[in-house]
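In: Let me see the structure of the following:
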Amino acid sequence: MEALRNTDLSKVLVLDIETVSAQRDFASLDSEWQHLWSLKARNVAKEQTPEEAYERAGIYSEFARVICISVGIFQPYNQHYRFRVTSFYGHDEHDVLQRFADLLHRRFHGKDFILCAHNGKEFDFPFLARRMTIQGIRLPLLLDMGGKKPWEIQHLDTMELWKFGDFKNYTSLALLAKALSIPTPKDDIDGSQVGRVYYEEQNLERIKTYCQKDVFTVAQILLRMRGEPCIPAEDVFEV
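Out: Here you go, the predicted model:
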């Protein structure tokens with residue numbers, strides 16, 4: 001963890017995303033998308049019908065969209081840190097992605113900046129890059145991985161850090177926070193309920209709050225893995 005301890009946290013942008021299926025249900029897809037999803041469902045949910053499997057479409061970038069991106073930055077404060085969070089969210093995916101891309105282009109475009117997420121290398125980072133490409137948005141440097149060698153990619157992944165070289169291990173954010181004795185708020189929803197809250201309640205504020213809490217939890221895990229104290233809740237600010 002020496003490299004992690006030497007990382008300048010003020011250059012680390014912590015993020016989490018919330019995604020939902022492109023349409024509310026399978027029946028809302030046009031015939032071509034129904035056919036394409038049926039082919040996908042054969043591989044990812046063999047024991048379910050395409051209609052039943054569609055509840056999982058939100059995790060596949062070709063069949064989903066981003067409705068919220070929450071980000072947080074560390075600010076040195078009295079030999080510790082404060083944490084500032086903000087979110088880009090809405091029904092218009094292009095607008096959500098563009099505003100986030102504009103932030104990266106404007107403030108996080110140098111080679112010394114780093115993106116951090118839990119399971120980000122397998123989900124958040126490629127998902128964002130694919131959806132930006134689909135939406136015709138120019139990829140920011142931190143998401144443009146084309147032609148880069150593995151050591152040139154400016155990404156941190158708390159799940160990968162926790163693996164300690166064990167390629168088989170998967171640890172959820174909630175489990176890792178519990179194992180590291182990181183206090184987390186008792187939320188009224190979890191990730192599996194985001195689609196329902198979005199389509200049935202249209203409650204983006206509720207989803208944004210959930211997403212921001214996950215960002216803060218990732219930040220706390222990063223500090224614990226550096227051997228540093230967690231940030232008190234009163235030192236977290238939404239901007």
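In: Only C-alpha atoms from now on, for both contacts and neighbour counts.
Out: Fine.
In: buried ones in the lengthiest helix in the chain?
Out: Ranked by residue count and defined by DSSP state H, the top helix of the chain is helix 204-225. For helix 204-225, the neighbour count (16 or more other CA atoms under 10 Å) marks 204, 206-208, 210-225 as buried.
In: repeat for stretch 146-154
Out: 153-154.
In: Could you check how far the closest residue in space to Pro50 that isn't next to it in sequence is from Trp151?
Out: Spatial nearest neighbour of Pro50, excluding adjacent residues (CA to CA, 6 or more residues apart in numbering): Ser38 at 5.2 Å. For Ser38, the distance to Trp151 (CA to CA, to the nearest Å) stands at 38 Å.
In: still on that earlier bit, host element of the residue nearest to Pro50?
Out: Secondary structure from DSSP states H and E places Ser38 in helix 31-44.
In: Next, the residues that contact that helix from outside, please.
Out: Here helix 31-44 makes contact (CA atoms under 8 Å, 6 or more residues apart in numbering) with 26-27, 48-50, 53-54, 63.
In: How many residues are close by the residue nearest to Pro50?
Out: 18 (other CA atoms under 10 Å).
In: How much space separates it from Val66?
Out: From Ser38 across to Val66, the span is 22 Å (CA to CA).
In: now swap in Gln202 and tell me
Out: From Gln202 over to Val66 (counting by CA to CA), the distance is 14 Å.
In: does the spatially closest residue to Val66 that is not a sequence neighbour count as helix, strand or coil?
Out: Nearest residue to Val66, sequence neighbours excluded (CA to CA, 6+ apart): Thr19, at 4.5 Å. Classification of Thr19 using DSSP: H, G, I helix; E, B strand; the rest coil returns strand.
In: quick one: Thr19 and Ala64 touch, right?
Out: Yes: using CA atoms under 8 Å, Thr19 is in contact with Ala64, at 6.6 Å.
In: so what sits against both of these two?
Out: Residues touching both Thr19 and Ala64 by CA under 8 Å, 6+ apart: Gly58.
In: Which one's more surrounded, the two?
Out: Thr19 (23 against 18).
In: Quick one: end-to-end length of stretch 183-191, please.
Out: 18 Å.
In: Which elements pack onto the strand or helix carrying Gln75?
Out: Taking DSSP H and E as the criterion, Gln75 maps to strand 64-77. The contact analysis (3 or more CA pairs under 8 Å, 6 or more residues apart in numbering; DSSP states H and E) places strand 64-77 against strand 12-21, strand 80-89, helix 93-107, helix 124-134, helix 204-225.
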